[in-house]
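> Predicted structure and sequence below. I'll ask about it afterward.
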Amino acid sequence: MDTQRLIAFMVFSFSALLLWDAWQKHNAPKLPTPTVQQQQAATALTSPGSVPSASNVPSKGNQSATAAGASPAVVPVSGVVSGTPVVVKTDMFEVELGTQGGDVRRVTLLKHFSATDKTKPLTLLQPKEGHYFVTQSGLAEGLPNHNSLFKAESASYELKQGEDKLEVKLVNRDVPGVEVQKTLTFRRNSYVIDVAYTIKNTGEKPLTPTAYYLFARDNNPPEGEAAQSNPMTGVATFTGPAIYTEEKKFQKVDFSDIEKGKKNYPEQAKDGWVALVQHYFVSAWLPKSGVSRDYFTDKVTEQKLYRAGVKVPVETIAPGQSGTVSVALYVGPQEQDQLKQLAPGLDLVVDYGWLKVIAVPLFWLLQFIHGFVGNWGWSIVIMTILIKGVFFPLNQKAGKSMAHMKSVAPRIQQLQQRYGDDRMKLNQAMMELYRTEKINPLGGCLPIVIQIPVFIALYWVLLAAIELRHAPWAFWITDLSAPDPYYVLPLIMAVSMFIQTKLNPPPPDPVQAKVMLFMPLVFSIFFFFFPAGLVLYWTVQNIIGIGQQWWINKTVEKETALRAAGKR
């Protein structure tokens, strides 16, 4: 098998895999969107541990906590949050809190923009039908929970210039003998919100409360995901819960597994976190290390609403005393350096696929180069040159092998004419020719085989790294993670592949030779739908390869001519 056919086989196989995955998703049965009536009529399923499920959602008029033993039940998508929403604005995001539960119900990231409208800030959390995703937290065992009304001092808060911290305090005194203050702390230049409860026991009996922190979400893809990944590429990014513990490390939890009751994570631990992961972004509850916790996931309605959360016990609170519990909430981009600092293993939410061992160093190299040049496109160009430099010895050897193959191409054609359709004798004669001329017909394959994993790993880097989302290069390329809008780069890549084909020896079979001339056009059609950054990488390495092969061909031609002159 010569180099061209190997390239064709590898790239076509990769493209076929992507197209098959896209076809599977396109033809998968669509999940029905629940109606308002269905959601209001749905009841929650039993949740794990000591927090049984509530039979219904408290009405607007019920301002006290649910009965003792009642659990957090998910508010229907169509339900109206009781009381006046509390709006909090910082330098990083705008957050809407519901006074019912005091929960984070809407988060708009001010420094990241919608995939469909790059002038509009991205709303990551929202209680929207069809894209329902909110946080819920509270105290179990009959204490104020996310269905209870909290009173806020103001309807709006803003982190002002010169301030590094903003606290929003909400109070509930509806349960006799208990006063609960929920404090949400926001900090400048941070996507972390500390969610703390201060529980004051004004009764005559000790309290042993348990706090819960969870995400409630449907299983629909995030808004705009179709705009971020073209169906022709077909690679689906993971959306759903994830749980990390030191015992089992990073574990994704598919919505389908939750529905079946499967649990591949430890339910009890003294470390770790629970998160809701989607393309480029993550929301995570991060309990303090060393604190006992229980993880849970469950389906809460028949209309595809799910929960994933953590329960944290609070030390016994004697009469007249107070107890506190606090868990950090991260809602923001999957910026790997920042995630590493927040919690062990949190950077693992960045999904690099099965070639992570290659993708991680590639991203590190890209990031290192970007620190100097300040442009991700030029970083890709420089990285490509460096990769070609690393593989130069292999490419040099492969190039010489292909050049020698090209030099004996006329003699191979003579053999084809001599033996006609007798494939066995033709192959024997060709192998004898290769031995005589000391040519390895597979010598050009190894560099291609090595570079294919790099190609796929870089694809995942461009797909998963938010640093390249909406990152411009130059001219018309304004987003390296999206396809070239004018298909210029794929066409340039097709031309470079055609030139490479002409520089390499043609296949012995005339039919294959004609097919190889059409392959650049076929590949360019596939690359129309690949991220522009990936096409840029492939185009640059093609152009470098053209120069290298041209120089090698000229060198081998001179050597062949000198040998021929010496024989005469």
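Ah, there it is.
> V291 sits in which helix or strand?
Assignment of secondary structure by DSSP states H and E places V291 within no helix or strand.
> Let me know whether it touches K270 as I believe.
Yes: if you go by CB atoms under 8 Å, V291 and K270 touch, sitting 6.7 Å apart. All C-beta spots, glycine's among them, are computed from the backbone N, C-alpha and C.
> so what's in contact with those two at the same time?
By CB atoms under 8 Å, 6 or more residues apart in numbering, V291 and K270 have no common neighbours.
> wait, Y295 sits on P266?
Yes: look at Y295 against P266 with CB under 8 Å: they come within range, at 7.0 Å.
> For these two, list the residues in contact with both.
T245.
> Pick out whichever of those two has more residues nearby.
Just comparing Y295 and P266: by other CB atoms under 10 Å the higher neighbour count belongs to Y295, 27 against 16.
> Quick check: phi and psi at that one.
With angles defined as degrees, to the nearest 10, Y295 sits at phi -100, psi 150.
> Specify the beta-bridge partners of it.
Per DSSP bridges, the residues bridged to Y295 are V310.
> Next, the contact list for it, please.
I243, T245, Y265, P266, E267, Q268, A269, G272, V274, G309, V310.
> Filter those residues down to the buried ones and hand me the ChimeraX line.
In ChimeraX, a selection of the buried entries from the contacts of Y295 looks like this (16 or more other CB atoms under 10 Å):
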select :243,245,265,266,269,272,274,309,310
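> Dump the contacts of Y295 to TSV, plus pLDDT, secondary structure and distance to W378.
Formatted as TSV, these follow (pLDDT from 0 to 100; DSSP: H, G, I helix; E, B strand; the rest coil; distance: CB to CB, whole Å):
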residue	pLDDT	secondary structure	distance to W378
I243	97	strand	39
T245	96	strand	41
Y265	93	coil	42
P266	93	coil	45
E267	94	coil	48
Q268	95	strand	49
A269	94	strand	44
G272	96	coil	39
V274	97	strand	39
G309	97	strand	44
V310	97	strand	43
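> and which of the contacts of Y295 is nearest to M92?
Using CB to CB, V274 comes nearest to M92 of those, at 21.9 Å.
> hmm, back to that, considering the contacts of Y295, which is situated nearest to S322?
V310 (22.4 Å).
> The closest one contacts L214, correct?
Yes: counting by CB under 8 Å, V310 touches L214, with 7.4 Å between them.
> Quick one: the strands in the stretch 401-550 of the chain, in order.
Counting by DSSP state E, counting those that start in this stretch, the stretch 401-550 of the chain forms no strands at all.
> Show me where it has its helices.
Counting by DSSP state H, counting those that start in this stretch, the stretch 401-550 of the chain has helices at residues 409-419, 423-437, 445-464, 488-503, 510-527, 532-567.
> who wins for proximity to Q321 among the ones you listed?
Closest among the helices of the stretch 401-550 of the chain, once you apply CB to CB, is helix 445-464, at 47.8 Å.
> when you compare where that closest one runs with where helix 532-567 runs, what's the angle?
Relative orientation of helix 445-464 and helix 532-567, computed by axes from the mean of the first three to the mean of the last three CA atoms, to 10 degrees: 170 degrees.
> mean confidence score for helix 445-464?
Helix 445-464 shows a mean pLDDT of 77.
> and it, what does it pack onto?
Counting contacts by 3 or more CB pairs under 8 Å, 6 or more residues apart in numbering; DSSP states H and E, helix 445-464 packs against helix 3-27, helix 356-373, helix 392-407, helix 532-567.
> where do the contact lists of V310 and L214 overlap?
With CB under 8 Å, 6+ apart as the test, V310 and L214 both reach V274, W285, F296.
> Pretty sure Q136 sits in a strand.
Yes: assessed with DSSP: H, G, I helix; E, B strand; the rest coil, Q136 lies in a strand.
> any idea how far it lies from W285?
Distance, Q136 to W285, using CB to CB, to the nearest Å: 11 Å.
> Mutual contacts of the two, please.
Listed as contacting both Q136 and W285 by CB under 8 Å, 6+ apart are L214, F215, G309.
> G377: which of these is nearest?
Nearest to G377 among those, counting by CB to CB, is F215 at 35.7 Å.
> need the contact list for that closest one.
F215 sits in contact with F133, V134, T135, Q136, P241, V274, L276, S283, W285, R307, A308, G309, where contact means CB under 8 Å, 6+ apart.
> Verify the stated contact: the fifth one with W273.
No: the pair formed by P241 and W273 falls short of the contact definition of CB under 8 Å, at 11.0 Å.
> gap between stretch 195-206 and the chain center?
Distance of stretch 195-206 from the chain centroid (CA atoms, centre = their mean, to the nearest Å) equals 41 Å.
> and that stretch, C-alpha only, in CSV?
Coordinates of each C-alpha in stretch 195-206 appear next as CSV, following Å, rounded to 0.1, in the frame of the first residue of the first chain:
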residue,chain,number,x,y,z
VAL,A,195,-23.7,29.3,49.1
ALA,A,196,-23.8,29.1,52.9
TYR,A,197,-26.5,28.4,55.5
THR,A,198,-26.4,29.8,59.0
ILE,A,199,-28.9,27.9,61.1
LYS,A,200,-29.9,29.3,64.5
ASN,A,201,-31.7,27.0,66.9
THR,A,202,-34.2,29.1,68.8
GLY,A,203,-36.1,26.1,70.0
GLU,A,204,-35.7,23.8,73.0
LYS,A,205,-34.5,20.6,71.1
PRO,A,206,-31.2,20.0,69.3
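> can you list contacts of that stretch?
Stretch 195-206 is contacted by residues 104, 137, 139, 143, 176-185, 207, 209, 211, 213, 314, 316-329 when judged by CB under 8 Å, 6+ apart.
> Just the buried residues of those.
104, 137, 139, 143, 178-185, 207, 209, 211, 213, 314, 317, 323, 325-329.
> Cross these against strands and list the overlap.
Within the buried ones among the contacts of stretch 195-206, residues falling in strands by DSSP state E are 104, 137, 139, 178-185, 211, 213, 323, 325-329.
> Give me the pLDDT for G98.
For G98, the pLDDT comes out at 90.
> for T198, same thing?
With respect to pLDDT, T198 has a value of 97.
> Kindly report the same for K514.
Reported pLDDT for K514: 66.
> ok, S379 - contacts?
Going by CB under 8 Å, 6+ apart, the list of residues near S379 reads L366, I369, H370, V373.
> Just the buried ones from those?
Buried, going by 16+ other CB under 10 Å: L366, I369, H370, out of the contacts of S379.
> My guess is the first one contacts M383. True?
Yes: distance between L366 and M383: 5.7 Å, which falls inside the contact criterion (CB under 8 Å).
> intersection of neighbour lists for those two?
Common neighbours of L366 and M383 (CB under 8 Å, 6+ apart) do not exist.
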